[in-house]
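**Q** everything below, folded, please.
(2 chains)
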Amino acid sequence: MWGLSRCLRVPRGRLLLLPAGVQRSFSSVSPTPHICIVGSGPAGFYTAQHILRHNPQAQVDIYEKLPVPFGLVRFGVAPDHPEVKNVINTFTQTARSERCTFLGNVTVGRDVTVEELQGAYHAVVLSYGAEDKRELGIPGEELPGVHSARDFVGWYNGLPDNRHLHPDLSCDTAVILGQGNVALDIARILLSPVDILRKTDITQTALDALSQSRIRRVWMVGRRGPLQVAFTIKELREMINLPGTRPKLDPADYVGLEKASKDLPRPRKRLTELLVKAALEKPGQKVAANWAQAEREWGLRFLRSPLAVLPSEDGKRAARIRLSVTRLEGSGETAVAVPTGQVENISCGLIFSSIGYKSVSISSTVPFLPQQGVIPNSMGRVEGIPGLYCSGWVKRGPTGVITTTMTDSFDTAQAILEDVQLGALNWSEPRPGSVAIRELLHLRGIQPVSFSDWEKIDEAETAKGLAVGKPREKILDTEEMLQLVCR
Amino acid sequence: MAAANKLLGISRCLLGSSRLGVPAVRTVMCPRSSRLGPGHIRAFSSEDKVTVKFINRDGETLVAQGKVGESLLDVVVEKNLDIDGFGACEGTLACSTCHLIFEDHIFQQLDPITDEEMDMLDLAYGLTDTSRLGCQICLKKSMNGMTVKVPESVADVRQAVDMGKSS
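**A** Below is the predicted model:
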């Protein structure tokens, strides 16, 4: 399927010609550090941005598996959070730089190997993120009605791989296993009035399904307690204020928490205070009115660990989840949940596992810690392999907000800049960069998508969105994207 | 409600033009100046100029002038100050990259902070007692000559920010 889908727009042989800018790199006068970045999400773009800004010679090429850039900014950030997507403006500036080239539709590890990239570039940065999901590892996980958060998020955000998910939203209760920001995103998308979502870039498929949804209640289940929730306060506040929806919080879970959180660091303290306020205090008039009229509700269930998904009577789909009641050993961030032996069932037709993402290894030549799902590194320098670097989730694990990834990517870029400047990275010998890689790709029948190609896709999506009052209507099929740029 | 909250949060200093010419969310108008109407923005005299010193991460001092009513983020963007990653969400209260540390006496006279700004500051690196987000602070004449510090990003602070995310 892939082989056929690649368009061969450029006549054979033409790729062997060197573009004017690249010929310079072969002259002996001033060699250019050629740096390659694998992955065009925030980590890739922030790493590129920092290198380009602080090294006036560097040429940075960004490789991306999909025909479209920006990774989780496009496919992860919730459609009703357009503000976060403003980072695309800066990324676009970076990509339009003369010293930056975007090569989409190229899967590193399959179309081209990491070793081939290392041969063509002075430095290779792995910033391909965490595309795998953590498995629950419980019986019944494979039943229809059980989805990974990752797939569901990919579905409503238009990730081509997830476009055929078709979640069945005809039940009244959904359970999300996990209490992080992704869990809150999913709860919000399931419960938001469709008229709010209609104005976002959520896919039409998801919008159609959600407007038929009968889900009225969403439980977010955590192994540990209210002092260990992983979501951040902005997302919680948003949920508490969500129109047409009320929180269903058991006061018993929150009594005495304020006192316990008194000496905690500010983020945890404020988050706990907001939880306590929502659970125990009488809301203001406006919020009270919203809660009173609400037809949908959400809640947090603590100290519950999933044991099994139980099937419906006909055995055809998920009908309940069996949870083990836990208690905490220790306290604070490091508290551990241990089973008490008690069990509890929740009836639900839809279950999402939102227990985190996981990076995968893309080459046997790159060291990888499967347990932690990260590449062993120091300051982004991959252990034992000079010239190989990493940034973002594959470097530090799938946690944190955009600011975290930005800072971490700048750190990796700084390491590269230092190595270029202080000679740890030998770039006196010219390297061919994308010229050599394009040749390889051409021989393999793969046509990379350029940034201006992406801008054509962008234009088509924006125009399609405009017609229905949305900022964009995403194209869900990579074939269709490629056809757009092949014209 | 969430959208309304967001609007309340960002309406303090919004800006007219974005760096790419895409319709922007920010505008240079603070509540007081917006009442005068947009025409008045251009009519500011030199008296309305406010000088601000930014101490960058590397310790270098960057001096820039802005107009009364502009936000500190606007000043950084318009004067193209070389502060890495500043204002990633373009002043929409969705990140904390425009975090700045103020002098005590200036901090005391800043407009009260909203819950939404506090929420984002919670995730900022190197948070101090006099920290605010640059996109929420509008220049006043009384700020002339003030010094603001760009916080350094420190590894141990970062771990505190990541708290609990892997639970």
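
**Q** what's the closest non-adjacent residue to A:Ala78?
**A** Spatial nearest neighbour of A:Ala78, excluding adjacent residues (C-beta to C-beta, 6 or more residues apart in numbering or on different chains): A:Asp185 at 4.5 Å. All C-beta atoms are positioned from the backbone trio N, CA, C, and that covers glycine.

**Q** gap between the two ends of stretch A:247-260?
**A** Length of stretch A:247-260, first residue to last, C-alpha to C-alpha, to the nearest Å: 22 Å.

**Q** next one: stretch A:396-406
**A** 12 Å.

**Q** try stretch A:457-474
**A** Using C-alpha to C-alpha, the two ends of stretch A:457-474 sit 9 Å apart.

**Q** contacting residues around it?
**A** A:67-68, A:74, A:82, A:157-158, A:198-204, A:475, A:481, A:484-485 (C-beta atoms under 8 Å, 6 or more residues apart in numbering or on different chains).

**Q** could you give the mean pLDDT of it?
**A** The average pLDDT within stretch A:457-474 is 97.

**Q** identify each buried residue in it, please.
**A** Neighbour counts over stretch A:457-474 (16 or more other C-beta atoms under 10 Å in any protein chain shown) mark A:Ile457, A:Asp458, A:Ala460, A:Glu461, A:Gly465, A:Lys470, A:Arg472, A:Glu473, A:Lys474 as buried.

**Q** of those, which pair is most distant in space?
**A** Spanning the widest gap among the buried residues of stretch A:457-474 are A:Ile457 and A:Lys470, at 15.8 Å by C-beta to C-beta.

**Q** what's the neighbour count on the residue of the stretch 351-487 of chain A found nearest chain B?
**A** Here the stretch 351-487 of chain A gets closest to chain B at one residue, A:Thr399, 3.6 Å apart by C-beta to the nearest C-beta. Other residues lying near A:Thr399 total 21 when counted by other C-beta atoms under 10 Å in any protein chain shown.

**Q** check B:Ala94 too.
**A** So B:Ala94, with other C-beta under 10 Å, has 27 neighbours.

**Q** quick revisit: tell me the SS of the residue of the stretch 351-487 of chain A closest to chain B?
**A** coil (DSSP: H, G, I helix; E, B strand; the rest coil).

**Q** could you check the pLDDT of it?
**A** 89.

**Q** measure it to B:Leu123 for me?
**A** 12 Å (C-beta to C-beta, to the nearest Å).

**Q** picking that back up, which of the buried residues of stretch A:457-474 fall within helices?
**A** Judged by DSSP state H, the buried residues of stretch A:457-474 include A:Ile457, A:Asp458, A:Ala460, A:Glu461, A:Gly465 as members of helices.

**Q** show me which residues of the stretch 51-200 of chain A sit near chain B.
**A** Contact residues (C-beta under 8 Å from any C-beta of the partner chain) of the stretch 51-200 of chain A with chain B: A:53, A:80-81, A:83-84, A:86-87, A:89-90, A:92-93, A:179-180, A:196.

**Q** only whichever of these are buried, select them in ChimeraX.
**A** Selection of the buried residues among those in ChimeraX, burial being defined by 16+ other C-beta under 10 Å:
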select /A:53,80,81,83,84,86,87,89,90,92,179,180,196
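
**Q** may I see the residues of the stretch 51-200 of chain A next to chain B organised as a markdown table, with pLDDT and secondary structure added?
**A** A markdown table is the format used below for those (pLDDT from 0 to 100; DSSP: H, G, I helix; E, B strand; the rest coil):
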| residue | pLDDT | secondary structure |
| --- | --- | --- |
| A:Arg53 | 94 | helix |
| A:Asp80 | 97 | coil |
| A:His81 | 96 | coil |
| A:Glu83 | 95 | coil |
| A:Val84 | 94 | helix |
| A:Asn86 | 96 | helix |
| A:Val87 | 96 | helix |
| A:Asn89 | 96 | helix |
| A:Thr90 | 95 | helix |
| A:Thr92 | 98 | helix |
| A:Gln93 | 96 | helix |
| A:Gln179 | 97 | coil |
| A:Gly180 | 96 | coil |
| A:Ile196 | 96 | helix |
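
**Q** so how many other residues sit close to A:Leu422?
**A** 8.

**Q** an error on my part: the question was meant for B:Asp48.
**A** 16.

**Q** does A:Phe45 sit in a helix, a strand or a coil?
**A** A:Phe45 ends up helix, using three-state DSSP.

**Q** contacting residues for it?
**A** Counted by C-beta under 8 Å, 6+ apart, A:Phe45 has contacts A:Ile62, A:Pro69, A:Phe70, A:Val87, A:Thr90, A:Phe91, A:Thr94, A:Ala95.

**Q** for the last one, which non-adjacent residue is spatially closest?
**A** Translated: A:Ala95. A:Phe451 (4.6 Å).

**Q** I'd say that neighbour and A:Phe102 touch.
**A** Yes. Using C-beta atoms under 8 Å, A:Phe451 is in contact with A:Phe102, at 4.0 Å.

**Q** what's the overlap in contacts for these two?
**A** A:Pro69, A:Ala95.

**Q** out of the two, which sits in the busier spot?
**A** A count of neighbours by other C-beta under 10 Å puts A:Phe102 above the other of A:Phe451 and A:Phe102, at 26 against 20.

**Q** one step back: can you put the ones in helices among the buried residues of stretch A:457-474 in JSON lines and add distance to B:Thr51?
**A** Shown next, in JSON lines, are these (distance: C-beta to C-beta, whole Å):
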{"residue": "A:Ile457", "distance to B:Thr51": "45"}
{"residue": "A:Asp458", "distance to B:Thr51": "40"}
{"residue": "A:Ala460", "distance to B:Thr51": "47"}
{"residue": "A:Glu461", "distance to B:Thr51": "44"}
{"residue": "A:Gly465", "distance to B:Thr51": "43"}
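
**Q** chain B: helices as residue ranges?
**A** Counting by DSSP H, the helices of chain B are B:2-10, B:31-34, B:39-42, B:72-78, B:104-108, B:115-121, B:155-161.

**Q** meant to ask about the stretch 101-250 of chain A, not that
**A** Using DSSP state H, counting those that start in this stretch, the helices of the stretch 101-250 of chain A run over A:114-120, A:149-156, A:181-191, A:194-197, A:204-211, A:233-240.
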